[in-house]
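Q: The following comprises the amino acid sequence and a computationally predicted model.
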Amino acid sequence: MVQKPHGQEQDKRKRRRSRRIRARIRIVVRAQTRDKQTVSEETDALVVNAHGGLVLLAGYVAKNQFITIVNQKTGEELLGRVTDIGERFMGKAQVGIEFIRPVPEFWGVSPRPKDWNLASFIAGQTVPEKA
C-alpha cells in the first residue's frame, strides 16, 4: 500500500517557486549523448515559469541531465537540468526543465506574473499551486 504524504510535506509538493503560465515559445534544446556528441532539437516550451518550464522533446534525455535551452526569439541561452520525463506520445515526451538559477526575463513573457520578480526569489517566497 502506498502512503500519502501528510501535512507540511504534502503542502511543499503543492507549492511552486513561481507561478506557471501557458505559453508556446519556440526554443532549441542542446544536449550531449552518451558518446559525447552534441544534439540539437527545435521545439516548444508549453508551460513556463521563472525557474524553468515544460518542453516537448523527440530526442531522449535522462533525468538530472544538463541541457542548454536557447530562446529562438531572443537568442538568449541558459543552462538547465532535466527534472522530469513524461510518457512519450506521438514521438515526443513532455520534459520538465529547471534553470540553474531563476531567470524571469528568459521567456520574454510580458507582462510577467508579479511573483517572477527577483526580490521574491531572494526572500524565498513560494506560490501555492492552483488545485
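A: Yep, that arrived. Residues are numbered from 1 along each chain as shown.

Q: Closest to the geometric centre of the protein, which residue is that? Let me know.
A: The chain has G53 as the residue nearest its centroid, 2.4 Å off, counting by Cα atoms, centre = their mean.

Q: What count of nearby residues applies to the closest residue to E42 other than its chain neighbours?
A: Spatially, and ignoring its direct neighbours in sequence, E42 is nearest to V28 (5.4 Å; Cβ to Cβ, 6 or more residues apart in numbering). Every residue, glycine included, has its C-beta placed from N, CA and C. By the criterion of other Cβ atoms under 10 Å, V28 has 15 neighbours.

Q: is it true that V28 touches T38?
A: No: contact status for V28 versus T38: not in contact, 11.5 Å apart, counting by Cβ atoms under 8 Å.

Q: which residues does K92 contact?
A: K92 makes contacts with 43, 56-58, as judged by Cβ atoms under 8 Å, 6 or more residues apart in numbering.

Q: go with 6 Å
A: 56, 58 (Cβ atoms under 6 Å, 6 or more residues apart in numbering).

Q: Over to R81?
A: Counting by Cβ under 6 Å, 6+ apart, R81 has contacts 66, 98.

Q: what separates E98 from G52, distance-wise?
A: Look at E98 and G52: by Cβ to Cβ, to the nearest Å, they are 4 Å apart.

Q: Tell me the bridge partners for the nearest residue to A58 once chain neighbours are set aside.
A: With sequence-adjacent residues excluded and distances taken as Cβ to Cβ, 6+ apart, A58 is closest to K92, at 5.0 Å. Beta bridges link K92 to F89, judged by DSSP bridges.
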